[in-house]
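In: Sequence and predicted structure, then a few things I'm wondering about:
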Amino acid sequence: IVDVPSNGTRGSGYFAPAASGSGPGVLVIQEWWGLVPHIKDVVDRFAAAGFSALAPDLYRGATTTEPDEAGKLMMALNIDQAAKDLRGAVQYLLQQGDATGDKVGTIGFCMGGQLALYAATVSPDQVGAVADFYGVHPGVQPDLSKLKAPVLGAFAERDGFASPQATRELE
């Protein structure tokens, strides 16, 4: 667990350096459950594959295994603070996390997928690629006019959260 700058305050995140000591940076963004062991495992797997990986804790310590509570945490997420935390996480990877290059990638699942896309619009000059896996968050509306990075989106045809209509609108 590392301290991550957040526009004059401090957040935290789970960081794993690349197995070789340095490598391309990737920001792994949590699902609605919070910074849970599964997301930490994803970070560790990226590090083992040669990436400098960081998952910022956007809920500031809160986690759950209950869907109703996860929905409440997701809807209570302060989007302005999340933008600051995401920018800080990108800066951490580039300045302290031994990420190679001048850009990082973002990847997220469910709520995190939408936030991976959002991160690319709040740090457009530092995010070079986005992987959005079935990303949805009704309170997050990325300004796509600021998007510079290529985006890979993976969405299901029958998803109760990320509907085909919403997916087509995003596309």
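Out: Cool, got the structure.
In: Buried residues, whichever strand in the chain runs longest. List them.
Out: Ranked by residue count and defined by DSSP state E, the top strand of the chain is strand 99-109. For strand 99-109, the neighbour count (16 or more other CB atoms under 10 Å) marks 99, 100, 103, 104, 105, 106, 107, 108, 109 as buried. (C-beta placed from N, C-alpha, C; glycine too.)
In: Output it in CSV with nothing but the alpha carbons.
Out: The C-alpha trace of strand 99-109 is given here as CSV (Å, rounded to 0.1, in the frame of the first residue of the first chain):
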residue,chain,number,x,y,z
ALA,A,99,7.0,3.3,-15.2
THR,A,100,8.9,3.5,-18.4
GLY,A,101,7.8,6.1,-21.0
ASP,A,102,5.8,9.2,-20.6
LYS,A,103,2.3,7.6,-20.6
VAL,A,104,0.5,4.9,-18.8
GLY,A,105,-2.4,2.6,-19.7
THR,A,106,-5.6,2.3,-17.8
ILE,A,107,-7.8,-0.8,-17.3
GLY,A,108,-10.9,-1.3,-15.4
PHE,A,109,-13.8,-3.7,-14.9
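In: what about stretch 77-86, distance to the chain center?
Out: 11 Å (CA atoms, centre = their mean, to the nearest Å).
In: Report the rounded mean pLDDT for it.
Out: Here stretch 77-86 scores 95 as its mean pLDDT.
In: host element of residue 40?
Out: Secondary structure assigned from DSSP states H and E places residue 40 in helix 37-48.
In: In contact with the closest residue to residue 148 other than its chain neighbours: list those residues for me.
Out: Leaving out its chain neighbours, the residue that sits closest to residue 148 by CB to CB, 6 or more residues apart in numbering is residue 124, at 4.6 Å. Shown in contact with residue 124 (CB atoms under 8 Å, 6 or more residues apart in numbering): 146, 147, 148, 149.
In: Three-state assignment for the third one, please.
Out: By that I understand residue 148. coil (DSSP: H, G, I helix; E, B strand; the rest coil).
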